[in-house]
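Q: okay, here's the prediction I keep looking at, along with the sequence it came from:
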Amino acid sequence: MTTSSPPRARRRRRWLRRLARGALGVVAAVALYVAGFWLIGLIPINTGRVPPAAGIDIWVIHRGVHVDFVVPLRSDVFDWTEEIDVADFDRPTPGATHLIVGWGSRGFYLETMHWSDLRPSTALRAVSYLGGSALHLELMLEPATTDNQRRLVLTRDEYHDLVRYIRAAFARGGDGRVQVIAGFHYADEANPGHDAFYEAVGRYGLFHTCNTWVNEGLRRIGVRAALWAVFGSSVIRHVPAPP
């Protein structure tokens, strides 16, 4: 003679099955996201561009998770010291020749100075397009060209278009000036930062990341780039590696 399981045991098994199905659904969604955007990131655009023999050098720097632009601090096309105040930086790197520029989630930038600081609420807010954005700028000396820091030679017109693209990402006050986020640096009291954060426009999200922003800049100026990129590797793979 058999007896049915107690109602409590049956309910527990149902909840476990639902939990397992939910977990599998999350894993499948993440796998589809990664695989889908990895494949899209393989597709190049602007493949017919011929680089100029001489022009203005910029770099795309890959830092493992995200990519940034590296642009001349001053050039005959644009002087970035007319846009930003080097006093915004805790440690204004004497002799700085270049500027690293990255765009991203305001919450990630300001609340996650180290990966150990990352909170689920910060990540969820960012990927859900619920948080604001910020620009992170760093002063640096003449950049080297490496496998993770790749040089591009732009024409004056291309660089002018890139400057316009980057400048459009700054949020501005009523006086038209950029807005520094005071007191935030990737540093501590013993090691003042050579960086600064600024308010930005646009929303970070699951399909529009810091890497998407850099890739879109390359797309717009006509340089070889990915069809769409959410991962740093999708951007850097289309920038020619050093010989």
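A: Cool, the structure landed. Everything numeric here is computed off the predicted structure, so don't read it as measured data.

Q: could I get the contacting residues of the spatially most central residue of the chain?
A: If you average the C-alpha coordinates of the chain and look for the closest C-alpha using CA atoms, centre = their mean, you land on residue 210, 2.2 Å from that point. If you count contacts by CB atoms under 8 Å, 6 or more residues apart in numbering, residue 210 has them with 66-68, 102-105, 204. For the C-beta atoms, the positions are set from N, CA and C on the backbone; glycine is no exception.

Q: bridge partners for the closest residue to residue 53 other than its chain neighbours, pull those for me.
A: Setting aside the residues directly before and after it, residue 53 is nearest to residue 153 in space (CB to CB, 6 or more residues apart in numbering), at 7.9 Å. Judged by DSSP bridges, the bridge partners of residue 153 are residue 57.

Q: average pLDDT across stretch 163-179?
A: Across stretch 163-179, pLDDT averages out at 95.

Q: what comes up buried for it?
A: Under the neighbour-count criterion of 16 or more other CB atoms under 10 Å, stretch 163-179 has 163, 165-166, 169-170, 178-179 buried.

Q: what does it rub up against?
A: 69, 71, 77-78, 83-84, 101, 103, 135, 198-202, 213, 216-217, 220-221.

Q: so which of those are in helices?
A: Mapping the contacts of stretch 163-179 onto helices (DSSP state H) picks out 213, 216-217, 220.

Q: narrow those to those that are buried.
A: Buried members of the ones in helices among the contacts of stretch 163-179, scored by 16+ other CB under 10 Å, are 213, 216-217.

Q: before we move on, the earlier item: which among the contacts of residue 210 count as buried?
A: Of the members of those, the ones counted as buried by neighbours, 16+ other CB under 10 Å, are 66-68, 102-105, 204.
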